[in-house]
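>>> Build the 3D model from these lines:
(chains A and B)
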Amino acid sequence: ETGVTQSPTHLIKTRGQQVTLRCSSQSGHNTVSWYQQALGQGPQFIFQYYREEENGRGNFPPRFSGLQFPNYSSELNVNALELDDSALYLCASSLGRVNTGELFFGEGSRLTVL
Amino acid sequence: GQQLNQSPQSMFIQEGEDVSMNCTSSSIFNTWLWYKQDPGEGPVLLIALYKAGELTSNGRLTAQFGITRKDSFLNISASIPSDVGIYFCAGQGMTTDSWGKFQFGAGTQVVVTP
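Below is the predicted model:
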């Protein structure tokens, strides 16, 4: 067990709706990263948060946004959902802004957009 | 999004056999990570590599950081049924704007038959 918890585990939304996914990082970790994993693919980096600020972003549109709270937990928000947003969303925690490796993933939130 | 080249895509092996898979990149990395993912779960970290040429073992698993910094391999010796799953490589670039943004391979699916 990594100690990274995500909620909800599964959810179904319709196109155009908005969704919020939540993540609690492993104890002692101050950095949270979000990844999108489409079926049959490897995870794709969305963005990373360190000390409540976005610290790097992948090739995702602005309708993907996030927050990190003082206790280092984090949220991923996706607006105007599209069918292609259906995926497993993974949260990973690590220690330090300059990442020396060792991302620890949660179980993920499976989003289905109809 | 950009992904690493991971091969083979899948492997069907008999229990007791050794397994080898590798990842290559067009850019150089300062960190290689190897993960295993079971259905419906998040990736679990197996091995982390930080130096070119580094060879690291974790039980029956052995991974190496390629000397060119553009590749890595993972070996599993004497496979057992619980080795079944999807194995992912992940790499982090050398430049500061790459830190924390891990690129993942598409995965190698391992099936072990008795």
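>>> So residue B:26 is in contact with residue B:68, correct?
No - counting by C-beta atoms under 8 Å, residue B:26 does not reach residue B:68; the two are 11.2 Å apart. C-beta coordinates here come from the backbone N, C-alpha and C atoms, glycine included.
>>> Looking at those two, which has the bigger crowd around it?
Each of residue B:26 and residue B:68 has its neighbours counted (other C-beta atoms under 10 Å in any protein chain shown); residue B:68 has more, 12 against 8.
>>> Let me know the pLDDT of that one.
Here the pLDDT value assigned to residue B:68 is 94.
>>> so how far is chain A from it?
Per C-beta to the nearest C-beta, to the nearest Å, residue B:68 is found 19 Å from chain A.
>>> which ones are touching that residue?
B:28, B:52 (C-beta atoms under 8 Å, 6 or more residues apart in numbering or on different chains).
>>> same thing but 10 Å
If you count contacts by C-beta atoms under 10 Å, 6 or more residues apart in numbering or on different chains, residue B:68 has them with B:24, B:25, B:28, B:29, B:52, B:53.
>>> Please see if stretch B:75-86 touches chain A.
Yes - for stretch B:75-86, a contact with chain A is found by C-beta under 10 Å from any C-beta of the partner chain, at residue B:86.
>>> Can you list the buried residues in that stretch?
By neighbour count on 16 or more other C-beta atoms under 10 Å in any protein chain shown, the buried set for stretch B:75-86 is B:76, B:79, B:83, B:84, B:85, B:86.
>>> rewinding a little: now, which of the contacts of residue B:68 sits nearest residue A:16?
Residue A:16 lies nearest to residue B:25 out of the contacts of residue B:68, by C-beta to C-beta, at 37.3 Å.
>>> The closest one contacts residue B:98, correct?
No - using C-beta atoms under 10 Å, residue B:25 is not in contact with residue B:98; the gap is 11.4 Å.
>>> who has more neighbours, those two?
Using other C-beta under 10 Å as the criterion, residue B:25 and residue B:98 rank with residue B:25 on top: 23 against 18.
>>> which residues touch that one?
Shown in contact with residue B:25 (C-beta under 10 Å, 6+ apart): B:2-6, B:32, B:66, B:68-72, B:89, B:91, B:93, B:103, B:105.
>>> mind listing the strands for the chain?
Defaulting to chain A. Assigned by DSSP state E, the strands in chain A fall at A:5-7, A:10-13, A:19-24, A:31-37, A:44-50, A:53-57, A:64-68, A:74-78, A:87-94, A:104-105, A:109-113.
>>> Let me rephrase: I mean chain B.
B:5-7, B:10-14, B:19-24, B:29-37, B:44-49, B:55-58, B:61-65, B:71-76, B:85-93, B:103-104, B:108-113.
>>> looking at the ones you listed, which is closest to residue A:104?
Closest approach to residue A:104 among the strands of chain B (C-beta to C-beta): strand B:44-49, 6.5 Å.
>>> need the buried residues of stretch B:75-86 in a markdown table with pLDDT, can you?
Listed next are the buried residues of stretch B:75-86 as a markdown table, based on pLDDT from 0 to 100:
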| residue | pLDDT |
| --- | --- |
| B:76 | 97 |
| B:79 | 96 |
| B:83 | 96 |
| B:84 | 96 |
| B:85 | 96 |
| B:86 | 97 |
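>>> Alright, calling it a day.
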